[in-house]
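Peer 1: Coordinates only, no sequence provided:
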């Protein structure tokens, strides 16, 4: 497999490419503009000179000698690198006189002037020197005046500009690549830091945090999100650890009783009746263990959540009615008044068997902790797209300090630890609510009663 | 004598369950893996098959599939350590008659074997289930004892109907929860005792003979012990 370039290098390359494109466009525009302007300047300078000569020729009125002298002066006084040249032609474009550069490179009068189409023509003249000459010819009186100018001084400006770009661009590109790489690495540092932290984090070191800079930028946000996730995972792992610990403890106690009974029974020869009694008691203990294991299994299953196929429309009012009927004889025996208040039909997507278990656990709990003459009420309502089920009792209530722990596996509340059950009913109930994307909450006042509230979303 | 094929890979369970069933008067063949189990299932004539779901060579589901493909209609009872609702439904959809999750009580297994073995209960022609002087009319949804009408709630009616359909055979609390209330959880099977007591009060109070009896470590049975004997 080809190794991918690091993000730092990728970004540096992108910066460089972007700069190369920008500089190229800029250079082409600047160079052509400078070239255009210098050419225009050169043409203007030359046109001025030629027109002045033509003007003096007109004023001389045939005294060409004076004009020739003035031309000599002009060439002599002009800066040498302009390599000025002048030439005069008769009406038939026959050369009369040539000085300066035009003496060296005699140039014919252009056709357009002879034919009368144009009165002034400017041409470039390549003669094998580094720069071209500009040659302007115009009609003057009954002849033609021609002037020439070496364009070096003007064109050099444009070429200088071009050369500056040519030489400076590679330097700029290298600089940009380097800077881009450094910048990219700089802004990627938090990611490398995250990566290092993530490597250190394992099942045993979930309390490590990814450092945040507090800048509030996207990377900081990402670090925050990852940290939140770590907290949730750590919570899950911690719950799992506590659950296994508690589960082992819960299993160990009855196992120990079982073992003692069996071993002590086997120590001495016993009569058949005594053996039988020991076995009967053993069988009862094993049944309790089986109940415990089944409950653990159901907790694990409810934690695993619901599949889409498991969800069907469930009429909660009807379901609560069934659960209520199921528990009615128990409430009656306990002398507890059990009431169901259900308004209009409320239907939610869910697994009826799981929901039955959820409300059975809450109802069983409520009846168990309510004294004779007390009341247990089931209320169903629908609000804001949620079904709400309240199970409230007038029972003994739960101490405030115990409230956060009632949903912990194997936690049995306060002075009622002797109440039957394995301490998994409420955790299972909560997991079932969560599996339906809902939640289970509890409120309680000691001596007044407890209310469990189940929220279940109606849209699935 | 009822002939049972029992396929189970755990040797201890196999030994004791086979022993227990034999002592109860069943004729039991056992197999320790799916391949042998399937061979026996396809050759021997059995009245009932008890299949563990997770077996070496071929799963209990696999055995049932092959057996049903060959048009063998023998009732099948699954045993499984997996209690997931989905597994249970998968097993029953394949055509199993019952699904029992480990660990189970031996008495529970026996009660279910009896129920499965007589599953082909025919619907009474006149729509009435009767024992001694008790008559349950399925069409009118009414119950009479010695000519006297007895008012029952709908669930009590279903419970009595279930007991009557299994007249003379013990049914477990878990079976009642499943069949009458329709839920597979056993957490509240002790509540069945309360429901039975309510039914008993209405049905047996002031009437003779007593019809609903507790069967120790199993559950309940409805029968007329005065004529049927203990």
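Peer 2: That came through, no problem. Just so it is clear, the structure is predicted and the values come from calculations on it, not from any experiment.
Peer 1: what about residue 74, how many neighbours?
Peer 2: Picking chain A for this. The number of residues packed near residue A:74 is 18, by other CB atoms under 10 Å in any protein chain shown. Every residue, glycine included, has its C-beta placed from N, CA and C.
Peer 1: I was after chain B.
Peer 2: 18.
Peer 1: Show me which residues of the stretch 201-350 of chain A sit near chain B.
Peer 2: Residues of the stretch 201-350 of chain A lying close to chain B (CB under 8 Å from any CB of the partner chain) are A:283, A:286-287, A:290-291, A:293-295, A:297-298, A:301, A:307, A:310, A:322, A:325-327, A:329-330, A:333.
Peer 1: Return the list of helices and strands in contact with the helix or strand hosting residue A:57.
Peer 2: For residue A:57, the host element (DSSP states H and E) is helix A:7-60. With contacts taken as 3 or more CB pairs under 8 Å, 6 or more residues apart in numbering or on different chains; DSSP states H and E, helix A:7-60 sits against helix A:64-77, strand A:85-89, strand A:120-125, strand A:133-140, strand A:143-150, helix A:152-200.
Peer 1: so the longest one versus strand A:133-140, what angle?
Peer 2: If you take axes from the mean of the first three to the mean of the last three CA atoms, to 10 degrees, helix A:152-200 sits at 140 degrees to strand A:133-140.
Peer 1: Next, the angle from helix A:152-200 to helix A:7-60.
Peer 2: 170 degrees.
Peer 1: Chain B: which of the helices and strands packed on helix A:7-60 is closest?
Peer 2: Proximity to chain B (CB to the nearest CB) singles out helix A:152-200 among those, at 34.1 Å.
Peer 1: Show me what the closest one is packed against.
Peer 2: By 3+ CB pairs under 8 Å, 6+ apart, helix A:152-200 packs against helix A:7-60, helix A:218-267.
Peer 1: Export those as CSV, with columns for mean pLDDT.
Peer 2: Formatted as CSV, these follow (pLDDT from 0 to 100):
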stretch, mean pLDDT
helix A:7-60, 87
helix A:218-267, 85
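Peer 1: Just send these back as CSV, with mean neighbour count too.
Peer 2: Shown next, in CSV, are the helices and strands packed on helix A:152-200 (neighbours: other CB atoms under 10 Å in any protein chain shown):
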stretch, mean neighbour count
helix A:7-60, 15
helix A:218-267, 13
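Peer 1: In JSON lines: the ones you listed, plus distance to residue A:186.
Peer 2: Formatted as JSON lines, those follow (distance: least, CB to CB, whole Å):
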{"stretch": "helix A:7-60", "distance to residue A:186": "9"}
{"stretch": "helix A:218-267", "distance to residue A:186": "12"}
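Peer 1: So which of those is nearest residue B:4?
Peer 2: Distance to residue B:4, taken as CB to CB, is lowest for helix A:218-267 among these, at 30.4 Å.
Peer 1: Just list what the closest one packs against, helices and strands only.
Peer 2: Using 3+ CB pairs under 8 Å, 6+ apart: helix A:218-267 touches helix A:152-200, helix A:272-303.
Peer 1: so residue B:153 touches residue A:325, yeah?
Peer 2: Yes: between residue B:153 and residue A:325 there is a contact under CB atoms under 8 Å: 7.3 Å.
Peer 1: coming back round to it: nearest to residue B:38, out of the helices and strands packed on helix A:152-200?
Peer 2: Of the helices and strands packed on helix A:152-200, nearest to residue B:38 by CB to CB is helix A:218-267, at 36.3 Å.
Peer 1: the inter-axis angle of that closest one versus helix A:152-200?
Peer 2: Using the same axes, to 10 degrees: helix A:218-267 against helix A:152-200 is 20 degrees.
Peer 1: Contacts only, for residue A:100.
Peer 2: Shown in contact with residue A:100 (CB atoms under 8 Å, 6 or more residues apart in numbering or on different chains): A:71, A:75, A:83, A:84, A:85, A:86, A:148.
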